[in-house]
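>>> dropping the sequence and predicted coords here.
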Amino acid sequence: MNDIPVGTPPAPPGRHAAPSGWYPDPVDLSRERYWDGWQWSREVRDPKGGGSSPRARPTRRKRAVGPSAAPRQPRRAPDESRPDRPTPPTTSRPPAPTRPSPTAPPTREPVIGLTTADGVRLAGFWWRVLAAALDQALLGVVGFLLALPFMGPLFDGLVAFWRESMAAARTGSVAPTAPTYAELLPFGNQLGVALVAAAVQITYHVLMWRLRGATLGQLAMGLRVVPVDEGRSTERLGYGVVVPRAVIWSIPWCLGSLYFIGMINGLWSLWNPRRMAVHDLVARTQVIRTRE
């Protein structure tokens, strides 16, 4: 029969069971028996220090019931010595986009047909038309005033035609036929008016392009004439550039029979890849925008 006693030693105050340790043997009070915290063991000893020492036994504990039953396992550092162990992916944030400095000017890539070779925006067709219309309105008034000495026969012929028409209306007779421009103004006077207009046009454009790089109409529209592909140039245009440009631009508008040539000259920039009109091609110039 098993001589190991059943039961527990008396519990110390405040505990439900006695902790593991040596206690008086309930079978033989002259010796001590080892209590492992759960039951009596086979190890005994002499109370004076003799006897066998107890073997290390795992202590048994009652399993807890409930959601906290499973003990929390301590985290282990990953074993780097095992090559077959998968390495968790490392997540890295993408670098934040760099913002340009607010003081740095924006850089633009040259666009063929829209900018010069150094990236300056070219003037559009309709901006050039508006600038030319403003210039022609101004020059028309100045040229008319300077050409008045050559236009006397024109005014006299118009006054005579008006009087004949009023007289025919009072008498009920046939109205006179309106005279033509050639009948009102002799060829010599027409030539004088054309020369005055040409001188005004050429002088105005030469001086404005030489001194300011733009006419008054171009300045109002934010345009400027520059050497071809040198949109950032700040040097004045030479007379070798502005004089041919002014002559080719002005002459067709001063002679009525050459209006068609003037129209072709202005429209040429529509299909030219660098937006250059005929007078630009001859003078090697381009028209740029100086403001957005």
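Here it is on my side, so go on.

>>> which stretches in this structure count as strands?
21-24, 32-35, 40-45, 223-227, 285-289 (DSSP state E).

>>> redo those as JSON lines? Include mean pLDDT and mean neighbour count.
Where you see a C-beta, it was placed from the backbone N, CA and C, and this is true even at glycine. Listed next are the strands of the chain as JSON lines, based on pLDDT from 0 to 100; neighbours: other C-beta atoms under 10 Å:
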{"stretch": "strand 21-24", "mean pLDDT": "87", "mean neighbour count": "14"}
{"stretch": "strand 32-35", "mean pLDDT": "88", "mean neighbour count": "21"}
{"stretch": "strand 40-45", "mean pLDDT": "87", "mean neighbour count": "16"}
{"stretch": "strand 223-227", "mean pLDDT": "96", "mean neighbour count": "21"}
{"stretch": "strand 285-289", "mean pLDDT": "95", "mean neighbour count": "22"}
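
>>> same list (those) but as a markdown table, adding distance to residue 258.
Shown next, in a markdown table, are the strands of the chain (distance: least, C-beta to C-beta, whole Å):
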| stretch | distance to residue 258 |
| --- | --- |
| strand 21-24 | 128 |
| strand 32-35 | 130 |
| strand 40-45 | 130 |
| strand 223-227 | 22 |
| strand 285-289 | 21 |
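
>>> how about those, which one is nearest residue 114?
Using C-beta to C-beta as the measure, strand 285-289 is the one of the strands of the chain that comes nearest residue 114, at 10.3 Å.

>>> that closest one to strand 223-227, inter-axis angle?
Here the directions of strand 285-289 and strand 223-227 differ by 140 degrees (axes from the mean of the first three to the mean of the last three C-alpha atoms, to 10 degrees).

>>> output strand 285-289 as CSV, nothing but the C-alphas.
Presented in CSV, the C-alpha positions along strand 285-289 are these (Å, rounded to 0.1, in the frame of the first residue of the first chain):
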residue,chain,number,x,y,z
THR,A,285,12.4,89.6,-85.3
GLN,A,286,9.6,88.1,-83.2
VAL,A,287,6.8,89.8,-81.2
ILE,A,288,6.6,88.6,-77.5
ARG,A,289,4.2,89.1,-74.7
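
>>> and for the closest residue to residue 219 other than its chain neighbours, the neighbour number?
Leaving aside its sequence neighbours, residue 219 sits nearest to residue 212 (C-beta to C-beta, 6 or more residues apart in numbering; 6.7 Å). Other residues within reach of residue 212, judged by other C-beta atoms under 10 Å, total 15.

>>> pretty sure residue 212 contacts residue 225?
No - counting by C-beta atoms under 8 Å, residue 212 sits too far from residue 225 to count as a contact (9.4 Å).

>>> what does the pLDDT read for residue 138?
pLDDT, residue 138: 94.

>>> and residue 114, how many neighbours?
The burial count assigned to residue 114 is 14, neighbours taken as other C-beta under 10 Å.

>>> list the contacts for the residue nearest to it when sequence neighbours are not counted?
Computed as C-beta to C-beta, 6+ apart, the closest residue to residue 114 that is not its neighbour in sequence is residue 122, at 6.1 Å. Taking C-beta atoms under 8 Å, 6 or more residues apart in numbering, we find residue 122 in contact with 113-116, 231, 274-275, 286-289.

>>> model confidence score at residue 94, please.
60.

>>> where exactly do the helices run in the chain?
Ranges of helices in the chain, per DSSP state H, are 125-146, 152-171, 181-184, 187-211, 216-221, 239-254, 259-271, 278-283.

>>> what packs against the fifth one?
Contact here means 3 or more C-beta pairs under 8 Å, 6 or more residues apart in numbering; DSSP states H and E; on that basis helix 216-221 packs against helix 125-146.

>>> please apply the same query to the shortest one.
If you count contacts as 3+ C-beta pairs under 8 Å, 6+ apart, helix 181-184 packs onto helix 152-171.

>>> next, count neighbours for residue 157.
Burial of residue 157 is recorded as 16 neighbouring residues (other C-beta under 10 Å).

>>> could you measure from residue 186 over to residue 161?
Counting by C-beta to C-beta, to the nearest Å, the separation of residue 186 from residue 161 is 16 Å.

>>> can you say which of the strands of the chain is nearest to residue 267?
Closest among the strands of the chain, using C-beta to C-beta: strand 285-289, at 14.4 Å.
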